[in-house]
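Colleague: show me how the following folds:
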Amino acid sequence: MRREHGLVIIIAYKLGKGVLWLAAAATIVVFMRLGLGARLLDFAAHLRHHATAWSVELANLVVRAASRRGLWVLVFALTADGATSLVEGWALWHGKWWGPWLVVVATATLLPFEVVAIARNPDAGRLILLAVNAAIVAYLARKALREREALAAAPKAHR
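Modeller: The predicted structure follows:
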């Protein structure tokens, strides 16, 4: 199956992000089991300056909580986001009709949080990430609409 280059890039991004987030969640669990939770909290404090808007807010909550429970919240969030990204990538890879819509809804839902974070603390990295996510939403929404139109037109051509 031949895929558009833009779609291949999105699939690679979603699958890579999903694997990375699940690996990070597993690493946090292992570190907590080894008694290194305090070091992870320090690391989370450092990372919140280099992350996306929603994860910055999550990291802020974890750092403020500064507890074992906070780390479990982070593990849950990473696992949920990683699993969602893997499902999105899988759906796009396998050409499921709902795949582009899943990515559009999941990504577009988080855009307002990114805009608020940029308004509170302008940062070039966050601005670039917002632009990339908005481009993904626009690209996949257009693609899904084109495919729907093509599908709707196909039965008429056979009449």
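Colleague: name the helix or strand of this protein that has the lowest mean pLDDT.
Modeller: helix 53-65 (a mean of 59; mean pLDDT, DSSP states H and E).
Colleague: immediately after that helix, which helix or strand?
Modeller: Toward the C-terminus, helix 53-65 is succeeded by helix 68-93 as the next helix or strand (DSSP states H and E).
Colleague: in that next one, what counts as buried?
Modeller: Applying a neighbour-count criterion of 16 or more other C-beta atoms under 10 Å, one finds 70-72, 74-75, 77-79, 81-82, 84-89, 91-93 buried in helix 68-93. Any C-beta I mention is one placed from the backbone N, CA and C, and that applies to glycine too.
Colleague: what's the average pLDDT for it?
Modeller: For helix 68-93, the mean per-residue pLDDT is 89.
Colleague: show me which positions of the helix or strand following that helix end up buried.
Modeller: Toward the C-terminal end, the helix or strand that comes next after helix 68-93 (DSSP H and E) is helix 99-120. For helix 99-120, the neighbour count (16+ other C-beta under 10 Å) marks 99-104, 106-108, 110, 113-114, 117-118 as buried.
Colleague: relative to Ala141, which of those is nearest.
Modeller: Nearest to Ala141 among those is Val104, at 5.0 Å by C-beta to C-beta.
Colleague: now for the closest one: which residues touch it?
Modeller: 137, 140-141, 144 (C-beta atoms under 8 Å, 6 or more residues apart in numbering).
Colleague: also Leu20?
Modeller: Gly82.
Colleague: ok and the lengthiest helix in the chain relative to helix 68-93, angle-wise?
Modeller: Ranked by number of residues, the top helix in the chain under DSSP state H is helix 124-157. Inter-element angle recorded for helix 124-157 and helix 68-93: 40 degrees (by axes from the mean of the first three to the mean of the last three C-alpha atoms, to 10 degrees).
Colleague: start at 295 instead
Modeller: Sure, I'll start counting at 295 from here, so that last one is helix 418-451.
Colleague: for helix 418-451, which positions count as buried?
Modeller: Within helix 418-451, the residues scored as buried using 16+ other C-beta under 10 Å are 420, 423-424, 427, 430-431, 433-435, 437-438.
Colleague: can you tell me the closest non-neighbouring residue to Leu301?
Modeller: Excluding the flanking residues, the one nearest Leu301 by C-beta to C-beta, 6 or more residues apart in numbering is Leu386, at 6.4 Å.
Colleague: so that neighbour touches Gly393, yeah?
Modeller: Yes - contact criterion C-beta atoms under 8 Å: Leu386 and Gly393 qualify, at 4.5 Å.
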